[in-house]
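Visitor: Just a sequence and a predicted model for now, questions to come.
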Amino acid sequence: YFPTNVHVSFPKPYFHSALVGYVLGLATTLYVMIVFEAAQPALLYLVPACLGSSLLCAAVRGEMKALFDYSEEEEEEKEEESKDEADKKND
């Protein structure tokens, strides 16, 4: 499925929550770096902030099970099968 109109708006709650989490994590990194006058690894604050915001978003929306059950393996297998079939036709 490919959308015909790429400018159609659709809800992006996980993107927005991760964006807010990223900004808060970056602000925390800068705050700690300035206050303690020591360099901090940004991922120490960014990863928990982004993951936490996604978990919070899923909890509020009641989608925790769907978040943890998500997998792209089936899609990847289908893509590989279609590539294999196309290769067989070309041979």
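Guide: Looks like it arrived, so ask away.
Visitor: lowest average confidence, helix or strand, in the protein?
Guide: In the chain, the helix or strand scored least confidently by mean pLDDT, DSSP states H and E is helix 73-90, which has a mean of 77.
Visitor: Can you list the buried residues in the host helix or strand of Val32?
Guide: Assigned by DSSP states H and E, Val32 belongs to helix 13-36. Neighbour counts using 16 or more other C-beta atoms under 10 Å place 17-18, 21-22, 24-25, 28-29 of helix 13-36 among the buried residues. For glycine as for every other residue, the C-beta is placed from the backbone atoms N, C-alpha and C.
Visitor: Need the residues that contact the helix or strand that comes right after it.
Guide: Following helix 13-36 in sequence order, the next helix or strand is helix 43-61 (DSSP H and E). Contacts to helix 43-61, defined as C-beta atoms under 8 Å, 6 or more residues apart in numbering, come from residues 13-14, 17-18, 20-22, 24-26, 28-29, 32, 64, 66-67.
Visitor: make it 10 Å
Guide: 13-33, 41, 63-68, 70 (C-beta atoms under 10 Å, 6 or more residues apart in numbering).
Visitor: Tell me which residues of it come out buried.
Guide: Result for helix 43-61 [16+ other C-beta under 10 Å]: buried residues 45-46, 49-50, 53-54, 57-58.
Visitor: Can you check what angle separates it from helix 13-36?
Guide: Calculated by axes from the mean of the first three to the mean of the last three C-alpha atoms, to 10 degrees, helix 43-61 forms an angle of 140 degrees with helix 13-36.
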